[in-house]
Structure formats: structure tokens, C-alpha cells
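In: the sequence isn't on hand, but the structure is:
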């Protein structure tokens, strides 16, 4: 419980920093060009392997030659529709991305490994996203999860 409270405190402090135009590259680790836009998240997180060894999300979440894991297709041009306002197939009653509400967006819960997720934290069996990378995704959701 203390660990969860500490993590929430870190998230709040970091989000405050993002809101104050702090240079994002100072918190996004292996993705220094990451910005809180879908285009940037698509390019630097969903569709690319980064220098930490984290594999592209589209390695599993793609319909190219397979059924996308969890029914979630994160290929460019499909990710927005698959995420925003869309019910999770892995957890009944959960919505993948709720614009303006990162705390209740199932995507964030899966990336952070919240206690109420079904299955495992994402990315599975791989290098996890850095806290700063998750903060940028949170910020995109907080700003309305636009198709930008």
C-alpha cells in the first residue's frame, strides 16, 4: 500500500512538471522525442523498439499475419479506434482509454500493473515502459486523448 501511495505521489509531481512545460525529454528515458500526442506515442511507443530493449507494442498488438493480442490492434491508423472509448476485451466493464480520465483508463492500469487488471502488466515478458513514458501517455489521455 505504501508503494502504491509513493507511486501516486511521483505521478502527481511528474504530471505537475509536464503541465509546467518541463522539457519532456528529461523524463522519457529511451524515447527523448516522445510528446503527449497520439502521433508521437504511435511512433515512439506502439510502433518502435527503443534503446532500453523494449520491443514495439505492435509486435503483439497487430493483425498482420495474426490475431492481435487481446483484440487490440495498435498499428498506425487503427490504434485510435481500438483504444479511445473502446471496451476492453480482457476485462468486462473496463474501457481502454477514457478521454480526460487516465486513472480509470484500462490502458494505464495495464501499463502500470494495477492490482485490478486481468492478466499481466504490459508489455508482457519484456522491458517495461519507463515511468516518464507512462506519464506522457497519461498526459495525452488527460488532454482528451485526441487523434492528433
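Out: Thanks, I have the structure now. Note that the structure is a prediction, hence the values are computed from the model and not measured.
In: rest of the way, CA atoms for contacts and neighbours
Out: Will do.
In: how about the strands of this structure, start to end?
Out: Taking DSSP state E, the chain contains no strands at all.
In: how about low-confidence regions in this protein?
Out: Low-confidence segments of the chain, defined by pLDDT under 70: 1-22, 25, 126.
In: residue 36 versus residue 48, what's the distance?
Out: Distance of residue 48 to residue 36, given as C-alpha to C-alpha, to the nearest Å: 16 Å.
In: higher neighbour count, those two?
Out: residue 36 (22 against 17; other C-alpha atoms under 10 Å).
In: and the nearest residue to the more buried one once chain neighbours are set aside, what does it touch?
Out: Using C-alpha to C-alpha, 6 or more residues apart in numbering and skipping residues adjacent in sequence, the residue nearest residue 36 is residue 140, 4.5 Å away. Taking C-alpha atoms under 8 Å, 6 or more residues apart in numbering, we find residue 140 in contact with 36-38, 146.
In: among the residues you listed, which are in helices?
Out: Those of the contacts of residue 140 mapping onto helices are residue 38, per DSSP state H.
In: quick one: the contacts of residue 140 as a markdown table, columns for distance to residue 73 too.
Out: What follows is the contacts of residue 140, written out as a markdown table (distance: C-alpha to C-alpha, whole Å):
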| residue | distance to residue 73 |
| --- | --- |
| 36 | 20 |
| 37 | 18 |
| 38 | 14 |
| 146 | 17 |
